[in-house]
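Visitor: what follows is a predicted structure for the sequence shown.
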Amino acid sequence: MRQVTTPEILTCMINMTPQDLQVMSFPGLHETLWDEREFLGWRDVHHNTKGYLVFWVGEELRGLMVKAAESQMPGGRSAICALCHTQQPAPQVSLFTAPKAGDEGARGNTVGTYLCADLACSTLIRITPAESAEIPDASDTIAHKSLGIRDRLENFSNRVLSVDAS
Ligand SMILES: [Zn+2]
């Protein structure tokens, strides 16, 4: 993704109140490998149920706040992240809800989805197994997953914005 700055993040969040923005925490942007991610995703170090997703939709920067369910999914099962579609042990996936933008959000409406608990899908899809008959070309696989993540982020943010996806 193209690099973003803290002031840009502060102005792109579509579903946060001024009070939310005042207390949000930021990741270490100087140590971010921009070329190896579809979006910036991080959990808030001071408010441990909150997380943030920031990404480009064309030329527009969009950011979302999500809140993780307090309860963890049970161990011993597997779950799938709705963004990167990676199957993994259930405790590594959390149910998150995003407040909707604008009036809908003010009335308490949310959009829910299952996501990697650490919001690090970009890292996860790049931890590739050795090439095999089933996975003939790992870089093609990453490119395919990368496109999927960007599409699904746009769709998810459209739902938060109450924009009908065509
Ligand atoms: Zn994921």
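Guide: In hand now; what should we look at? Numbering: from 1, shown residues only.

Visitor: identify the bridge partners of the spatially most central residue of the chain.
Guide: For the chain, L53 is the residue whose C-alpha lies nearest the centre (Cα atoms, centre = their mean; 4.3 Å). Here L53 shows beta-bridge partners G41, L64, assigned using DSSP bridges.

Visitor: begin at 2 from here
Guide: OK, 2 is where the count begins now, so the last one is L54.

Visitor: near the ion, which residues of this protein?
Guide: If contacts are counted using Cβ under 5 Å from the ion, the residues of the chain sitting beside the ion are 82, 84-85, 117, 122. From N, CA and C alone the C-beta is placed, and that goes for glycine too.

Visitor: need those in TSV (columns: secondary structure and neighbour count).
Guide: TSV is the format used below for the residues of the chain next to the ion (DSSP: H, G, I helix; E, B strand; the rest coil; neighbours: other Cβ atoms under 10 Å):
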residue	secondary structure	neighbour count
C82	coil	23
L84	coil	27
C85	coil	21
C117	strand	25
C122	helix	27
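
Visitor: and which of the residues you listed is nearest T142?
Guide: Proximity to T142 was ranked across the residues of the chain next to the ion by Cβ to Cβ; first place goes to C85, at 11.8 Å.

Visitor: now the closest residue to that closest one other than its chain neighbours: how far from F40?
Guide: Spatial nearest neighbour of C85, chain neighbours left out: C122 (3.6 Å); criterion: Cβ to Cβ, 6 or more residues apart in numbering. Counting by Cβ to Cβ, to the nearest Å, the gap between C122 and F40 amounts to 8 Å.

Visitor: all set now, cheers.
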